[in-house]
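A.B. asks: Return atomic coordinates for the entry below.
(3 chains)
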Amino acid sequence: MNRAPLVAAVLAWYEENARDLPWRRADASPWAVMVSEFMLQQTPVDRVLGPWRDWMERWPQPAALAAAPAGDAVRAWGRLGYPRRALRLHQAAVTITDEHGGRVPDDRAALLRLPGVGPYTAAAVLSFAFGQRHVVLDTNVRRVLSRVAAGVAYPSPTPTRAEEALAEEFLPSGQAAAARWAVASMELGALVCTARSPRCSSCPVSSACAWQSAGKPAWDGPPRRGQSYTGTDRQCRGVLLAVLRSSDAPVGREELLAGWSEPAQAERALASLLADGLADQVGGRFTLPH
DNA sequence: CAGACGTGGGG
DNA sequence: TCCCCAAGTCT
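C.D. replies: You can find the predicted model right below:
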């Protein structure tokens, strides 16, 4: 099957329907793109917009962030979730400043050495910030390809080798077109080919979609693992960290643990926050890291 | 490699 | 209301 017409249709659709996101503007720096990618790991666009603007205003270059205490990054991260990402972004800024002259590296190996940068983020930065040709396989693209090409409602839990190869088939050969396809296919997944209620009637490639042709069969693969949350250590960590974020002064142990009803679990959570570097102990009190 | 890791909004 | 899901990475 020739992928070119489908790719062209998605590119044309993107021209008309792309969101005007600040990190997509022509004047967005590689750093601006990288910050957005960290924030967008598992966090919806709408919630990222505000913190991203504040972050870029405060730390317009990696060196600015590198010069700040890690705790400032954690506090500025606010409620985006998975605060270890803030720590990793801070550490990445330090490495970029110390080892890359303050510039976000434009090669894959160097990017992958940065904390918090995995296969997806590396490809995204190279594609979006530097216009390079890379397969950018995020959850949106994986879902689009799963439906369009495989006729299946959802992709497997983790990317496979076959998926990578399939994605490569769709990737235009030219650099610019490849980079364009990367954003466009992601955008289609985010706006039209969504997980819950796909808008197939407004999809530019519905006529070429295997899933559509098959009558949009329901997911019959292994049950998709839900993430329980209430009562978990994760929730507890979140509660404790929220206390630290909201306080300028160091917080006493009693006060810190008071927000959680299970003392043993709270102790364990606090220990893990300290181990992760998300909290510091100064005397008998606790703060965000310095 | 399965599980840990936050948080909030929409169906 | 409750459940699912959101531009993943790390161990």
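
A.B. asks: tally of neighbours for residue A:263?
C.D. replies: 10 (other CB atoms under 10 Å). (Glycine included, C-beta is placed from N, CA and C.)

A.B. asks: Quick check: closest non-adjacent residue to the closest residue to DNA strand B within the stretch 51-200 of chain A.
C.D. replies: Using CB to the nearest atom of the strand, the closest approach of the stretch 51-200 of chain A to DNA strand B is made by residue A:81 at 2.0 Å. Closest residue to residue A:81 apart from its sequence neighbours, by CB to CB, 6 or more residues apart in numbering: residue A:43 at 5.7 Å.

A.B. asks: Any residues of the stretch 101-250 of chain A in contact with DNA strand C? List them.
C.D. replies: Neighbours of DNA strand C within the stretch 101-250 of chain A, by CB under 7 Å from any atom of the strand: A:115-122, A:124, A:138-140, A:143, A:154, A:186-187, A:189-190, A:194-196, A:224, A:226-227, A:229.

A.B. asks: Can you tell me which of those residues end up in helices?
C.D. replies: A:119, A:120, A:121, A:122, A:124, A:139, A:140, A:143, A:186, A:187, A:189, A:190 (DSSP state H).

A.B. asks: Now the most centrally placed residue in chain A. Nearest residue, chain neighbours left out?
C.D. replies: In chain A, the residue lying closest to the centroid (CA atoms, centre = their mean) is residue A:41, at 1.6 Å. Excluding the flanking residues, the one nearest residue A:41 by CB to CB, 6+ apart is residue A:85, at 6.2 Å.

A.B. asks: Please apply the same query to residue A:59.
C.D. replies: residue A:65 (3.9 Å).

A.B. asks: so how many other residues sit close to that neighbour?
C.D. replies: 26.

A.B. asks: From residue A:163, how far off is it?
C.D. replies: 34 Å (CB to CB, to the nearest Å).
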